[in-house]
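Asker: return a 3D structure for these sequence lines:
(chains A and B)
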Amino acid sequence: MKLDISTVKGFQDYLPPESLIRDKIKKIAEKHYKLYGFLPVETPIIEFDELMKPDALPNEEEDEAVRDRFKLQDRGGRNLGLRYEFTFQLARIFKENQNIKLPFKRFQIGNNFRDEPIRAGRTRQFTQCDADIVGDSSVNADAECISLSSDILKELQIKNFEIQVNNRKLLNAIIESVEIQEIKQVLKELDKIEKIGSDIVKSNLKKYASSNQIVTLFKLVEKPLEFFKENAFDGAEELDLFIKKCSLYGIETKFSPSLVRGFGYYTGNIFEFILPDKKTTIVAGGRYDKSVGKFINRELPAVGISFSIEALMGLCMNELSSLEIEPIPKVLIISFNQDEESIKLSKKLRNNNIACSITEGQPSKALDFANHQKIPFVLFLGEEELEKQKFKIKEMSTGLESFLAEKQLLAKLKK
RNA sequence: GCGGAUGUUGUGUAAUGGUAGCAUAACAGCUUGUGGCGCUGUUGGAGUGGGUUCGAUUCCCACCUUCCGCCCCA
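Answerer: Next up, the predicted model:
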């Protein structure tokens, strides 16, 4: 039998240089999460399938949702699955750690899995970068998530995004005011307006509403937020406060009444970072107040943001490829039969946080290697250097060589 | 899951019902104290399975992959 060595559909290996960019994205995200006071959390990849069932979907729709999960069984016959996202695990964490001090700001970077169709920027194993605040119901928490995401994107050199915001209570109030019953179906259609255009959505809506209702609905959807505030629509005030808070952070948001996000999960303000030219979402999130506390009979308000490295790289490769990646290693030591000395030197370099490799091959090969790996410095270590008590170092980009004493060498490489 | 397209060394490509060619990359040598260029050599290929045929990479069928829509995105 022939061995199939290909990766499974939707799964892949990541090698340099791509892996270096992925690494960089994670580090940048982590840095900003911590700057905003979020602490790291790690959770299992495998969970009981039961725990992953969605909160709000009625039973008859469960089958549909189940399909997107990877399911497996252990030898004990337990029904398990691979986690498809992070936030449902928060509910368990709060069940098992009821003395967690609020607000609890946690971030998590790791792999999630969905057994679903793939396309550009969408794989079945994906690295999600999440930050959530549990136990703070103020719009400041919402705004912090926006500001945080915005900072991350900017450091990733992605600047052409637009932040669209909406509120689920407001959406529900709008649809209820038109007296349409099929809220969920209508939400589904509204979400497509930007993508497929109002006309198609209008005709799709005929299944759920009368022509009059549709006309009224579309008139409403085009109103500014002021209108909803003046007429005391539920959620309008909350959204307005949120938008104002964002502007205190220096962030401009755009009210988009047709922004929906997922069903049955979000309860308040919702937001998406969108690339207007590509009409695609790169970062998204919102407030979900009913989920985290569901096992402890208490409402734990929560808000968070999330993005996946795969989507980001699939959509923003131009920007991301201009990220500065630290060379690994920074120095290649070419040893001319100087085992002891080269190891001694490598220890010193590493103690000073300078990444290095040692090679004993031909210098031409070593230089060629350094050239291809973009290693910025090559250091020659032979009898000549030992006699002089100085190291010969060559800067690959210029080809210039200089003899440096140890102190000077360290100073130069630390730069 | 549904529909459409796709598939030739790692990558990009060419021709062909009868020995699969080119470029590039990789590896080795020219070159055990100096890289990018050059020269020489080596490795490596028809997605998988079936069918038609004396013979299939080529024609047919199925499956798979990848891409594009749909669905979904808690």
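
Asker: who's in contact with the closest residue to RNA strand B within the stretch 301-415 of chain A?
Answerer: In the stretch 301-415 of chain A, no residue comes nearer to RNA strand B than A:Gly382, which is 2.0 Å away by C-beta to the nearest atom of the strand. Bear in mind the C-beta positions are built from the backbone N, C-alpha and C, glycine included. Contact partners of A:Gly382, counting by C-beta atoms under 8 Å, 6 or more residues apart in numbering, are A:335-338.

Asker: how about 7 Å then?
Answerer: With contact set as C-beta atoms under 7 Å, 6 or more residues apart in numbering, A:Gly382 has these partners: A:336, A:338.

Asker: same question, A:Asn269
Answerer: By C-beta under 7 Å, 6+ apart, the neighbours of A:Asn269 are A:139, A:142, A:165, A:167, A:238-239, A:242, A:286-287.

Asker: can you tell me which of the residues you listed are in helices?
Answerer: Of the contacts of A:Asn269, the ones assigned to helices by DSSP state H are A:139, A:142, A:238-239, A:242.

Asker: contacts for whichever strand or helix holds A:Lys24?
Answerer: Here A:Lys24 is covered by helix A:18-35, with elements defined by DSSP states H and E. Helix A:18-35 has contacts (C-beta under 7 Å, 6+ apart) with A:14, A:107, A:109, A:129, A:131, A:148, A:151-152, A:155-156, A:309, A:312-313, A:320, A:323, A:325.

Asker: give me the low-pLDDT residue ranges for chain A?
Answerer: For chain A, the stretches with pLDDT under 70 are A:1-4, A:54-67, A:263.

Asker: which residue is nearest the middle of it?
Answerer: A:Phe307 (2.7 Å; C-alpha atoms, centre = their mean).

Asker: which SS class is the closest residue to it other than its chain neighbours?
Answerer: Here the nearest residue to A:Phe307 in space, its sequence neighbours aside, is A:Val283; by C-beta to C-beta, 6 or more residues apart in numbering that works out to 4.2 Å. Three-state call for A:Val283 (DSSP: H, G, I helix; E, B strand; the rest coil): strand.

Asker: so where does the nearest residue to A:Glu222 once chain neighbours are set aside fall, helix or strand?
Answerer: For A:Glu222, ignoring the flanking residues on the chain, the nearest one in space by C-beta to C-beta, 6+ apart is A:Pro257 at 7.7 Å. Using DSSP H and E, A:Pro257 is not contained in any helix or strand.

Asker: one step back: what is the residue nearest to A:Phe307 paired to in the beta sheet?
Answerer: Beta bridges link A:Val283 to A:Phe273 when assigned by DSSP bridges.

Asker: likewise A:Ile305?
Answerer: Here A:Ile305, judged by DSSP bridges, has bridge partners A:Ala131, A:Gly285.

Asker: might one say that it is in contact with A:Gly285?
Answerer: Yes - taking contacts as C-beta atoms under 7 Å, A:Ile305 lies within contact range of A:Gly285: 3.5 Å.

Asker: residues in contact with the closest residue in space to A:Ala143 that isn't next to it in sequence?
Answerer: Nearest residue to A:Ala143 in three dimensions, chain neighbours excluded: A:Lys245, at 3.9 Å (C-beta to C-beta, 6+ apart). When contacts are counted by C-beta under 7 Å, 6+ apart, A:Lys245 touches A:139-140, A:143.

Asker: can you pull the residues of the stretch 101-250 of chain A lying near RNA strand B?
Answerer: A:114, A:116-120, A:188, A:192, A:195-196 (C-beta under 7 Å from any atom of the strand).

Asker: in helices only, show me the residues you listed.
Answerer: A:188, A:195-196.

Asker: list only those of these flagged as buried.
Answerer: Not one of these meets the buried threshold, by 16 or more other C-beta atoms under 10 Å.

Asker: which among the residues you listed gets closest to RNA strand B?
Answerer: For those, the nearest to RNA strand B is A:Lys188 (5.3 Å; C-beta to the nearest atom of the strand).

Asker: what residues does stretch A:315-325 touch?
Answerer: A:20-21, A:24, A:121, A:156-158, A:275, A:278, A:280, A:282, A:313.
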